[in-house]
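> The sequence isn't on hand, but the structure is:
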């Protein structure tokens, strides 16, 4: 679903973000590099107009004895949203088993 890009709460007086000015077909590029740059710019713009991705991260810390600490992190992605449009940002889903404190 489309949403307007956010306005930041500060003006850094930089130039406006680069954005596509027209749709381009696959035959409009002379070099593969040009298509890659267009793809990056277009996908970044579309990702700015997409809903945020929603996920849940869990961190488990295990202290063994007086000096050994182990850490495990898990991530569950509930809604991919902009991640489906912008493959250059990756969230790796990894689940953790159930833990009981003891």
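Cool, the structure landed. None of the values given here were measured: they were computed from a predicted structure. Numbering: from 1, shown residues only.

> contacts, neighbours, all on C-alpha from now
Will do.

> Could I get the full set of helices for the protein?
Using DSSP state H, the helices found in the chain span residues 32-48, 82-85.

> which parts of the first one are buried?
Put plainly, it is helix 32-48. Neighbour counts using 16 or more other Cα atoms under 10 Å place 35, 38, 40, 41, 42, 43, 44, 45, 46, 47, 48 of helix 32-48 among the buried residues.

> distance of the last one from residue 82?
According to Cα to Cα, to the nearest Å, residue 48 and residue 82 sit 8 Å apart.

> contacting residues for the closest residue to residue 18 other than its chain neighbours?
Spatial nearest neighbour of residue 18, chain neighbours left out: residue 41 (6.9 Å); criterion: Cα to Cα, 6 or more residues apart in numbering. Going by Cα atoms under 8 Å, 6 or more residues apart in numbering, residue 41 touches 18, 19, 20.

> Burial check on the residue nearest to residue 43 when sequence neighbours are not counted, number of neighbours?
Spatial nearest neighbour of residue 43, chain neighbours left out: residue 86 (5.6 Å); criterion: Cα to Cα, 6+ apart. Neighbours of residue 86 under the rule other Cα atoms under 10 Å: 19.

> State the pLDDT value of residue 86.
Per-residue pLDDT puts residue 86 at 95.

> Farthest pair within the buried residues of helix 32-48?
Based on Cα to Cα, the longest span within the buried residues of helix 32-48 runs between 35 and 48 and measures 19.9 Å.

> What's the separation between residue 100 and residue 62?
Counting by Cα to Cα - residue 100 and residue 62 are separated by 11 Å.

> Of the contacts of residue 41, which is the most crowded?
residue 20 (16 neighbours).

> Is that residue in contact with residue 42, as I believe?
Yes. The pair residue 20 / residue 42 is scored as a contact, 5.6 Å apart, by Cα atoms under 8 Å.
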